[in-house]
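> Here is my input, please return the structure:
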Amino acid sequence: MKSILFALACTLCIFNSNAQNPSPTPSNEGTTITVTVPVQSNDGTIIVALFEEDNFMKKPTQGKESEIIDGQASVTFENVLPGIYAVTLFHDKNGNKQMDFQPNGMPIEMYGVSNNVMTMGPPKWDDARFQVASTPLSLEIRM
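Predicted structure coming up:
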């Protein structure tokens, strides 16, 4: 059941990977969050979603996709207001814009969560959340 919920949440993230807040902030407000992901293969892309608590594992606050160059992917979320956020991501090796699973519900593609929390089942808000202040923030998320 947890795998199915995680698959559903990841699929929703993909369909909304370019999601923005309904009223984007002007470019001189907020800060940036740069997410760097070391990757073992240059195949495919990395799809990254930024969430707030009320939309965690649903429609992301912002979504980005990155090419993998020399074993690393990087995205920058802009105009992020101070608050509490979480990031999820996955390696879309086959370019179908969705996380793929085995028939038993186990993920085929690698995934990661802010704070590098790896548990069985979908990530939990309390494990993945982090504080954003008014200064730029850099995260490295492992898969």
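
> now this structure, which segments are flagged as low pLDDT?
1-28 (pLDDT under 70).

> Now tell me what touches stretch 37-48 from outside.
Stretch 37-48 is contacted from outside by 13-14, 17, 35, 63-75, 87-95, 97, 112, 140-143, using CB atoms under 8 Å, 6 or more residues apart in numbering. All C-beta spots, glycine's among them, are computed from the backbone N, C-alpha and C.

> those strands in the protein, which residues are they?
Ranges of strands within the chain are 31-38, 45-51, 62-67, 72-80, 83-92, 111-113, 130-132, 137-140, based on DSSP state E.

> and the third one, C-alpha only, in CSV?
Extracted in CSV, the C-alpha atoms of strand 62-67 (Å, rounded to 0.1, in the frame of the first residue of the first chain):
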residue,chain,number,x,y,z
GLN,A,62,7.8,24.2,-7.7
GLY,A,63,9.1,21.4,-9.9
LYS,A,64,12.2,21.1,-12.0
GLU,A,65,13.9,18.7,-14.4
SER,A,66,17.7,18.5,-14.9
GLU,A,67,20.0,16.8,-17.4
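
> Give me the angle between that strand and strand 83-92.
Angle between the axes of strand 62-67 and strand 83-92 is 40 degrees (criterion: axes from the mean of the first three to the mean of the last three CA atoms, to 10 degrees).

> quick one: strands adjacent to strand 62-67?
Note on strand 62-67: by DSSP bridges, its sheet partners are strand 45-51 (antiparallel).

> Out of the strands of the chain, flag the one nearest Thr119.
For Thr119, the closest of the strands of the chain is strand 111-113, at 8.6 Å, according to CB to CB.

> on that earlier part again, out of the strands of the chain, which is closest to Gln102?
Of all the strands of the chain, it is strand 111-113 that lies closest to Gln102, at 13.6 Å by CB to CB.

> Many thanks, have a good one.
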